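Asker: need a structure here:
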Amino acid sequence: MASGSEGNRMTPNQSKEGLPFEPSVTPLDDDGTTPQCQEPTATIRLRRVDNTGHPLAPNDSGRMAHRTRAHSAAPETGEQPDVALYTELPPGDHEWRWRPQPAGAHLIALEAGPEKHDYRPGEALAEAPVINAPPEGRDVTATHLPPPVLISLRDEDTDSDRLTPEQQAYFQRNGNNALLFIHGYNVGHGEWGKVLEGLADHWNGKSPKWTDEPLTVYRDADTINDEHDLDLAETDLNNEGAHNWAVSMEYQLNRAAGFTDDDWMPYSRIITVSWPGDTGQTDFMQSEFNANAAGRRLVRLLEQLADAGVGINIITHSLGARVGLTALNILGAIRSQPAIDHLFLWEPAVADNALTNDTARDAHPLGMGVFVNAHKAARRIVVLHSRGDGVLGPTDDEQEQSMWEELISVTPAGWIADAAESVMTGRFMDDLLGTFGGVYTKKWWTFPSFLDNGLGAPLERLYADYMPLQPGRMVTRRGQSWREGPDPEAVNANWERLKADIIAEARNRFDACKACLQNSKPLPRYDLLSPLNHLPIVTKARAEQYADDLRALAERNWYPRQAPRPALGYDGIKPLVESGSDAFDRAIQDMFLAGTVEPVDQSNWLFSHSGMRIPTREIFEKSYQDSIMRAIQEGTGFGNYS
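Answerer: Numbering: from 1, shown residues only. Have a look, this model is predicted:
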């Protein structure tokens, strides 16, 4: 056996016979060792863009995590500055674990090789997208919705009055147009809603589980509830305040332009303006003062857009009309051409003759009822009004009106005062006063007294350092007379001091206002002359007139000689353009005939003051599509929609 084995063994030369190659016994590595077996690696090349195609910073691109191995990779910077490189990845599926920076930049599409996935905003946060990395590598493009744009005029930070360079560039790329929405009275600032991640066990049942990321687009509660078998309210998803209005209006406007919920690529952001109109359910006059101040600040933003050549459309709701008209009143006085394409006044809570150019027709006791230059700043002003709006005017239901009058007349005043905190708050107060002839028409009321409504409360706060401004009253009992309250001489001295300071404020700020208007700088805000912030400049003569009007008002216990004019959002301009009408206004008729001012009567389909926030099918079709979006798209356009 041994010799046999020996005989079968091949020599080195014999082993080569019959082979198609020359074998080598030389080690592969230079150091004489056998190389280790190496697993192939892959590279993912990720490019992030917004939905206008603009590249986003690669350093905020998150991590890639292998689905079955403990392997996570951070991005590197390669030769292409807008591409994030993930190198030496194990081939296979990787979860892209990314959180939006800045908040609200939602992922809406992911294209990786032959595969393309579309996402609803927030959907990719609840479940991480999966990207396959083959050995040869993968080029990936992620498309994001840009962050929302919300300008807050609620604090003293004037840097927040304008868009950032990145925001301005977005609107220039996105059709070179921008739409602003300004909310109305009694709307808080709020915050964004949260992304719904899924369901969590809670007390043997199911409850919603939220991520910590804000959801900056509108979510329909009925759809979410059907998908997850929940019972969420609309505000659970979209929160409240200006943020709720922002997502609601933006979503409906995109729908009106042609957007469908299946494809978010064409979705356009709008600019929401948040201003301090939430002064309490009955302190309407303080909100008017705040609206004037906010409109004065808004001028800078409108000038920024106009100077950059961006087309501007503005939609206001309710008392937001005063914010918008104040800004246009100032722009119309300083610019020779219209800076605004369309101004849409939706249920405007301003006087029906607010657009007149005749100050003599101003019925407001402090001279803040008309905006004589506003029409010069816009190519067209569209007034959407409705007699079905019980907040701006009386209900047409006489039986219901009579019922509320009877209720008010027989209800003890003490009960009303006791119930004020618990009952007469929130929307109930709107409904009560709205049914009882409209809230707007009661804005100068002093009834009930505990509500601190009317003109007196905000004016006494404004001039607290000059009080008292009203002398005590004479009382006679049992043949004896005496005065209860402040002495007339002290009151007169306070008025002289107040008038002198009012005139001094006008004089001291005249040159500063003039310089700011000429150089697009923030306009100084008037303090003692706060009700006149809607004027570009207050002259000495105008300040004197204001001081005299103010004193006459105080002598009547802050009660005007006449009721407010009807709201523009109730009857529109119809009574003002009919020749022979008691309310006829030649200037407004001329604007109407020229097409500069266009009324849209919504009385047949809008029956709620805020009905446009979550519109019925009829409001959407007739107001959003036919009256607003059609006009915008015939003008500067809305985003990149064609």
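Asker: Buried by neighbour count: which residues of stretch 492-502 qualify?
Answerer: Going by neighbour count (16 or more other Cβ atoms under 10 Å), the buried part of stretch 492-502 is 494-495, 498-499, 501-502. In this view, the C-beta of every residue, glycine as well, is placed from N, C-alpha and C.
Asker: Also stretch 557-569?
Answerer: Within stretch 557-569, the residues that qualify as buried are 558, 560, 564-569, counting by 16+ other Cβ under 10 Å.
Asker: which one of these sits closest to residue 373?
Answerer: Of all the buried residues of stretch 557-569, residue 373 sits closest to residue 568, with 16.9 Å by Cβ to Cβ.
Asker: The closest residue in space to residue 522 that isn't next to it in sequence - how many residues pack around it?
Answerer: Spatial nearest neighbour of residue 522, excluding adjacent residues (Cβ to Cβ, 6 or more residues apart in numbering): residue 158 at 4.9 Å. Residues within reach of residue 158, counting by other Cβ atoms under 10 Å, total 12.
Asker: again, but for residue 377
Answerer: Counted by other Cβ under 10 Å, the residues lying close to residue 377 total 28.
Asker: contacting residues for it?
Answerer: Residue 377 makes contact with 328-329, 331-332, 335, 338-340, according to Cβ atoms under 8 Å, 6 or more residues apart in numbering.
Asker: how near is it to residue 339?
Answerer: Distance check for residue 377 against residue 339: by Cβ to Cβ, to the nearest Å, it reads 6 Å.
Asker: what residues are shared contacts of those two?
Answerer: With contacts taken as Cβ under 8 Å, 6+ apart, residue 377 and residue 339 have residue 331 as neighbours in common.
Asker: what does the helix or strand harbouring residue 381 rub up against?
Answerer: Using DSSP states H and E, residue 381 maps to strand 378-385. Applying Cβ under 8 Å, 6+ apart, the external contacts of strand 378-385 come out as 314, 328, 338-348, 355, 374-375, 568-573, 591, 595-603, 606, 623, 627-628, 631, 635.
Asker: Residue 126 reaches residue 194, doesn't it?
Answerer: No: in this structure residue 126 lies outside contact range of residue 194 using Cβ atoms under 8 Å: 11.0 Å.
Asker: Which one of those two is surrounded by more residues?
Answerer: Neighbours of residue 126 and residue 194, each counted by other Cβ under 10 Å, are more numerous for residue 194; the result is 19 against 16.
Asker: Identify the residues contacting that one.
Answerer: When the contact criterion is Cβ under 8 Å, 6+ apart, the partners of residue 194 are 210-215.
Asker: Select only the buried ones of those in PyMOL?
Answerer: One line in PyMOL is enough to select the buried ones among these; burial here means 16+ other Cβ under 10 Å:
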select buried, resi 210+213+214+215
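Asker: Quickly name whichever of the contacts of residue 194 is closest to residue 323.
Answerer: Closest to residue 323, out of all of the contacts of residue 194 and judged by Cβ to Cβ, is residue 214, at 25.0 Å.
Asker: Look up which helix or strand that closest one falls in, please.
Answerer: strand 205-215.
Asker: and that strand, which strands flank it?
Answerer: Using DSSP bridges, the strands paired with strand 205-215 are strand 193-202 (antiparallel).
Asker: Looking at the strand it pairs with now, give me its mean pLDDT.
Answerer: Strand 193-202 shows a mean pLDDT of 79 in the predicted model.
Asker: what mean pLDDT does the helix or strand harbouring residue 590 have?
Answerer: Using DSSP H and E, residue 590 sits within helix 586-594. Throughout helix 586-594, pLDDT has a mean value of 97.
Asker: name the helices or strands packed onto that helix?
Answerer: Secondary-structure packing of helix 586-594 (3 or more Cβ pairs under 8 Å, 6 or more residues apart in numbering; DSSP states H and E): helix 574-577, strand 597-601.
Asker: buried set for that helix?
Answerer: By neighbour count with 16+ other Cβ under 10 Å, helix 586-594 contains the buried residues 587-589, 591-592.
Asker: Kindly report the same for stretch 540-547.
Answerer: 542-543, 546-547.
Asker: cool, stretch 81-96 as well?
Answerer: When burial is assessed from 16+ other Cβ under 10 Å, stretch 81-96 yields the following buried residues: 83-86, 89-92, 94-96.
Asker: Start and end of that stretch, how far apart?
Answerer: Using Cα to Cα, to the nearest Å, the span of stretch 81-96 from its first residue to its last is 20 Å.
Asker: cool, and stretch 185-195?
Answerer: Taking Cα to Cα, stretch 185-195 runs 28 Å from one end to the other.
Asker: List the buried residues of it.
Answerer: Of the residues in stretch 185-195, those buried by neighbour count under the rule 16+ other Cβ under 10 Å are 185-190, 192-195.
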